[in-house]
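# Take this sequence and fold it.
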Amino acid sequence: MRQLSAGTADAASLLAGCVERACNPGGEGARVFPHGVSMAASKQARASDMLRGQGVAGPLSGLPISVKDLFDVQGDVTRAGARVLPEQVAAADAAAIARLRAAGAVFVGRTNMTEFAYSGVGINPHYGTPRNPFERAVGRIPGGSSSGAAVSVTDGMAVAAIGSDTGGSCRIPAALCGIVGFKPTARRVPLQGTVPLSPSYDSIGCLARTVACCAALDRVMADEPDGPVAARPVRGLRLAVARNVVLDGLSGEVASAYERALGRLAAAGAVLREVAFDSWDPLPELGINGGLVAAEASAWHAERVAALGDRYDPRVLSRIRMGEQQSAADYLRTRARRMALCREAQGEMKGFDAVVLPTVPIVAPRIADLADDAAFFSVNRLLLRNPAIANVLDLCALSMPCHEAGDARLGKWLETRAKRQTADAIRALAALRPDSAIVRRDGVEASVPLGSVRVGDEIVVLPGARVPVDAKVIEGSSHADESMLTGESLPVPKEPGALLTGGAINYEGRLVARTVAVGAETVLARIIRMVEHAQAAKAPIQRMVDRVSAVFVPVVLGIALATLLGWGLIGGNWETALLNAVAVLVIACPCALGLATPTAIMAGTGAGARAGILIKDAEALEVAHRVKVVAFDKTGTLTVGKPEVVALAVPAGAGDDGEQRLLARLAALQAGSEHPLAHAVLAAARTRGIHAPTATDVRALPGMGLSGKVDGVALQLGSERLRASLGAAAGTLEAQAQALQQAGRTVSWLIETGAQDASPVPNRVAGLVAFGDAIKPGARGAIERLRAAGVRTVMLSGDNKGAAARVAETLGLDEVQAEVLPADKAERVNGLKAGGTVVAMVGDGINDAPALAAADVGIAMSTGTDVAMHAAGITLMRGDPALVADALAISHRTVRKIRENLFWAFFYNVIGIPLAAAGLLNPVVAGAAMAFSSVSVVGNALLLRRWKPAGEKA
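Model (predicted):
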């Protein structure tokens with residue numbers, strides 16, 4: 001995508017390179033079954049390049065996207081797509097393709113049954129094998145009816161993958177390969193679609209090769225208009241249930257889940273009826289399907305075998321040869337047998353829309369669980385039984401998600417989905433750890449799997465590598481980037497005795513460390529557990545309306561019955577009695593009561609979203625109005641999160657341009673460095689328009705700094721320890737350096753160590769540079785607004801006391817707690833909650849996630865990490881602390897509207913029901929009053945749309 005955007009490559013050549021790699025991936029003995037998936041895609045890519053050359057380009061121009069099953073690479077609905085709920089799925093998929101194509105996307109993959117590799121050789125990506133099918137070294141490719149699409153994903157030919165209701169074999173490889181896995185019909189056809197393996201996802205944006213790619217897809221699909229497709233429920237679908245086929249051989253747990261899924265379908269209005277395919281025996285009939293495909297595949301591959309036979313896996317080639325030997329008579333007999341079965345099945349299915357199947361992946365364990373061949377073949381046989389009834393008999397199938405054990409309420413589904421997204425982000429965090437480690441045993445260094453590292457082992461961490469486990473340094477010096485754990489934006493020096501945290505990045509020096517914790521005992525693993533525990537420990541909100549509603553209906557029915565009997569028995573006029581009883585029932589219709597809370601919440605969350613405040617659930621919105629303490633992280637929340645040069649100083653007598661010459665020398669030494677402080681120096685030089693000279697002989701001094709020559713002068717740049725080791729006196733800069741360090745700044749010294757002619761000169765200080773993290777512009781205003789609202793402000797930071805105290809003093813915070821370890825942040829939050837105080841936590845880093853989850857309300861900056869955002873109930877789409885005060889304000893306003901709505905809802909009932917029971921309201925007037933009550937509640941809630949954040953009011 002970067003190459004296309006920069007104009008350094010064209011779509012056609014990039015696609016051609018992907019195809020070449022797919023056909024010949026390299027590696028010892030690696031052979032891949034080549035596909036004809038690139039023909040239409042290449043044509044599209046050339047057309048895309050031509051349009052780009054003419055200046056016509058959409059946001060996805062040239063990006064290859066893999067498609068699957070219900071539509072082909074031309075965007076036309078396939079025969080299968082035309083059969084499966086044509087009013088919903090096929091039309092929706094075609095519309096999705098049209099939008100993506102209009103944005104310039106190029107589609108790869110074909111729906112062609114003759115493309116797949118045979119079951120004995122290929123790998124069905126629905127369930128995997130004991131060897132990961134998506135590892136290139138395996139030398140084999142996925143099979144299945146959409147292997148053209150799947151292989152385009154696994155061999156790097158696509159930046160996104162689209163599958164429809166049966167599109168798991170495209171979306172699952174996409175998930176495992178780390179790109180967007182998108183299902184156009186997600187969230188639009190209730191209860192429909194497969195549930196893929198645990199690493200896979202059904203909605204756009206969950207996985208992306210690049211953030212830009214995901215954002216571009218999201219923008220294109222966001223303009224999808226609401227219409228009947230989005231509104232149509234399952235109600236009315238005529239579904240066949242073939243328990244004797246689909247449940248045979250399944251575990252009791254899966255069968256029970258299948259029955260619950262059927263119950264949810266029935267509750268949603270689907271019409272279910274039992275059918276029996278008495279003559280269906282899946283294993284022989286699978287042979288029928290395979291027999292047909294063998295001959296068809298051989299014919300389809302004949303030309304390619306002649307041209308590219310050496311690129312075919314020998315086993316696949318032998319299957320193709322076997323297909324060539326099949327006689328026409330055998331083929332026709334097999335085809336006739338299948339047609340007979342299809343006619344029988346279609347007879348049984350007459351009057352039905354689809355047959356209901358348990359979704360395939362829920363039957364299968366994950367790849368890692370398939371430890372031996374026996375387990376693999378057992379699962380293989382089991383999985384083949386379920387899809388075969390639809391595939392062989394040519395039936396429409398509705399795959400039901402049978403993994404849920406709970407009910408199907410929308411709120412429960414949203415809660416489950418939110419927690420699953422948190423788990424996805426946590427898995428992404430765990431993926432930061434490398435798969436292997438270099439271990440030194442008996443003086444010999446060897447790379448071993450991470451799981452074999454034990455406490456006490458000596459590990460070697462090379463420059464640029466991630467630390468695999470928690471360990472204590474015993475040899476070497478370096479710096480490590482621990483920002484993902486501690487929130488400290490600056491690299492942390494590591495010397496013998498220092499602790500290395502698993503997941504951190506070693507910068508410049510080679511380190512040897514002794515392992516102190518592995519597996520579940522590492523800091524990273526503990527953070528993950530704390531987030532999961534905090535998520536699970538949150539109790540569901542207790543809503544007053546739910547409690548009232550539980551008794552409201554029976555009470556009203558009792559009043560209506562009493563009204564009927566009272567007027568009938570006492571007055572003797574049963575007609576009047578009936579009218580009065582009906583009036584009670586009409587005016588007591590709990591519409592206003594039911595609308596009071598959800599309308600206000602919808603309006604409040606909508607108003608917040610327009611202001612850049614995304615509220616994940618109603619619980620966070622309701623609790624936020626009671627917040628009395630707001631705890632802030634420092635780095636990236638109150639501060640920018642990027643070090644910058646805040647001070648330059650040169651010795652007395654350096655001249656008026658001394659600071660400018662100092663900055664030029666610093667920039668020259670660090671021109672090629674990736675160190676964050678180097679970026680800060682170079683940015684400062686660019687801002688001041690300083691051109692840096694060329695430095696020579698630049699090299700890193702592990703744990704100390706770096707050295708080099710600028711204009712013939714030998715220089716060393718580093719910490720206070722470097723200056724002291726060189727014996728260079730600080731002189732007049734000593735006091736200034738101490739003041740900067742006390743203010744929390746990081747000070748580096750530039751030392752002149754020799755001249756070009758190598759004549760001995762004393763090492764002397766040429767100047768110092770101080771780095772700091774700037775405070776965000778809106779931070780002080782946000783703190784003042786919170787204090788004016790009676791909210792106490794606290795800062796929890798992993799930074800040193802000097803830096804934290806400076807920020808707290810500048811912003812006017814009520815309390816500061818510095819040098820707080822990640823594991824302690826959640827405890828500090830719990831301490832703030834003592835006595836029932838409602839606490840909100842604001843952060844942006846992975847290290848903040850446990851505290852965000854532990855707080856009553858977690859507020860995350862979208863400029864931070866996915867884990868922080870998923871652990872929080874509220875996400876701020878801009879990294880502006882002022883939005884924290886705005887979030888509490890919209891919460892206060894929304895809860896006030898809820899209370900007003902509940903008052904009016906109860907007011908109407910308290911006044912109206914006695915009047916109706918007394919005969920003072922006829923049913924017509926009661927109906928009008930009931931309608932007016934509902935309108936007033938909705939209108940009052942909609943007033944929230946007029947809310948604006950403080951910044952916009954000004």
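# Please make it C-alpha for all contacts and neighbour counts, starting now.
Fine.
# In the chain, where's the longest helix?
Counting residues, the longest helix found in the chain (DSSP state H) is helix 882-917.
# Packing partners of it?
helix 544-566, helix 574-587, helix 591-610, helix 618-624, helix 779-788, helix 923-942 (3 or more CA pairs under 8 Å, 6 or more residues apart in numbering; DSSP states H and E).
# Tell me how many other residues crowd residue 943.
14 (other CA atoms under 10 Å).
# got it, and the one 3 residues further on?
When neighbours are defined as other CA under 10 Å, residue 946 has 8 of them.
# Moving C-terminal from the helix or strand encompassing residue 853, which element do we reach first?
Using DSSP states H and E, residue 853 falls within helix 849-854. Where DSSP H and E defines the elements, the next helix or strand beyond helix 849-854 is strand 857-861.
# Show me what that next one is packed up against.
helix 618-624, strand 839-843, helix 849-854, helix 866-871, strand 874-876.
# just the angle between the longest helix of the chain and helix 574-587, please?
Calculated by axes from the mean of the first three to the mean of the last three CA atoms, to 10 degrees, helix 882-917 forms an angle of 180 degrees with helix 574-587.
# What residues of helix 882-917 count as buried?
882-898, 900-902, 904-906, 908-909, 912-913, 915-917 (16 or more other CA atoms under 10 Å).
# same check, this time on stretch 447-459
For stretch 447-459, using 16+ other CA under 10 Å, the buried residues are 450, 453-454, 457-459.
# Mind telling me the two of those farthest from one another?
450 and 458 (12.9 Å; CA to CA).
# lowest-pLDDT helix or strand in this structure?
Within the chain, judged by mean pLDDT, DSSP states H and E, the helix or strand with the poorest mean is helix 228-231; its value is a mean of 23.
# Direction included, what does the helix or strand just after it pair against?
Next helix or strand after helix 228-231 toward the C-terminus (DSSP H and E): strand 238-241. According to DSSP bridges, strand 238-241 forms sheet pairs with strand 271-274 (parallel), strand 354-358 (parallel).
# ok, and what's touching stretch 830-838?
626-629, 839, 854-856 (CA atoms under 8 Å, 6 or more residues apart in numbering).
# Just give me the least confident of these.
Within the contacts of stretch 830-838, pLDDT reaches its minimum at residue 854, with 82.
# follow-up on the earlier one: go through the strands paired with strand 238-241 and find the least confident stretch.
When the strands paired with strand 238-241 are compared by mean pLDDT, strand 354-358 comes last with a mean of 65.
# Residue 691 is nearest to which of the helices and strands packed on helix 882-917?
helix 779-788 (34.1 Å).
# Check which helices and strands the helix or strand following the closest one is in contact with.
Using DSSP H and E, the helix or strand that follows helix 779-788 in sequence is strand 792-796. Under the contact criterion of 3+ CA pairs under 8 Å, 6+ apart, strand 792-796 touches strand 629-633, helix 779-788, strand 815-817.
# ok and strand 792-796 relative to strand 629-633, angle-wise?
Using the same axes, to 10 degrees, strand 792-796 lies at 30 degrees relative to strand 629-633.
# Direction included, what does strand 792-796 pair up with?
strand 629-633 (parallel), strand 815-817 (parallel).
# I would like the residues contacting the first one, please.
Okay, so that is strand 629-633. 638, 791-797, 829, 832, 837-844, 848.
# buried subset of those residues?
If we count by 16+ other CA under 10 Å, the contacts of strand 629-633 have these buried: 638, 791-797, 829, 832, 838-844, 848.
# most packed of the helices and strands packed on strand 857-861?
Across those, averaging neighbours per residue (mean count of other CA atoms under 10 Å) puts helix 849-854 on top, at a mean of 32.
# which stretches of the stretch 401-550 of the chain form strands?
Secondary structure of the stretch 401-550 of the chain (DSSP state E, counting those that start in this stretch): strands at 436-441, 444-449, 458-461, 470-475, 478-481, 492-494, 499-500, 505-506, 511-517.
# can the ones you listed go into TSV with extra columns for distance to residue 715 and mean pLDDT?
Converted to TSV, the strands of the stretch 401-550 of the chain look like this (distance: least, CA to CA, whole Å; pLDDT from 0 to 100):
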stretch	distance to residue 715	mean pLDDT
strand 436-441	35	90
strand 444-449	35	88
strand 458-461	28	93
strand 470-475	26	92
strand 478-481	20	83
strand 492-494	21	83
strand 499-500	30	88
strand 505-506	24	84
strand 511-517	25	93
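# Of those strands, which is nearest residue 646?
Using CA to CA, the strands of the stretch 401-550 of the chain put strand 492-494 closest to residue 646, at 19.3 Å.
# Quick check: buried residues in the closest one?
492-494.
# Specify the beta-bridge partners of the closest residue to residue 642 other than its chain neighbours.
Closest residue to residue 642 apart from its sequence neighbours, by CA to CA, 6 or more residues apart in numbering: residue 773 at 5.9 Å. Counting by DSSP bridges, residue 773 is bridged to residue 643.
# Tell me if I'm right that residue 773 and residue 638 touch.
No. Look at residue 773 against residue 638 with CA atoms under 8 Å: they stay out of range, at 9.8 Å.
# who are the neighbours in contact with residue 706?
Applying CA under 8 Å, 6+ apart, the residues near residue 706 are 669, 698-700, 716-718.
# picking up where we left off before, next one: the residue nearest to residue 642 from residue 814, what distance?
21 Å (CA to CA, to the nearest Å).
# Compare these two (neighbour count), which wins?
residue 773 (24 against 14).
# For that one, give its distance to residue 797.
13 Å.
# cool, and residue 595?
43 Å.
# Low-confidence ranges, the stretch 201-350 of the chain, go.
Low-confidence segments of the stretch 201-350 of the chain (pLDDT under 70): 201-237, 245-258, 260-261, 264-265, 267-269, 277-305, 307-320, 338.
# Outline the domain layout of this protein.
As given by automatic domain parsing, the domain ranges for the chain are 2-231, 238-408, 429-537, 546-602+892-953, 616-638+776-877, 640-774.
# What is the end-to-end distance of stretch 816-826?
By CA to CA, the extent of stretch 816-826 from end to end equals 15 Å.
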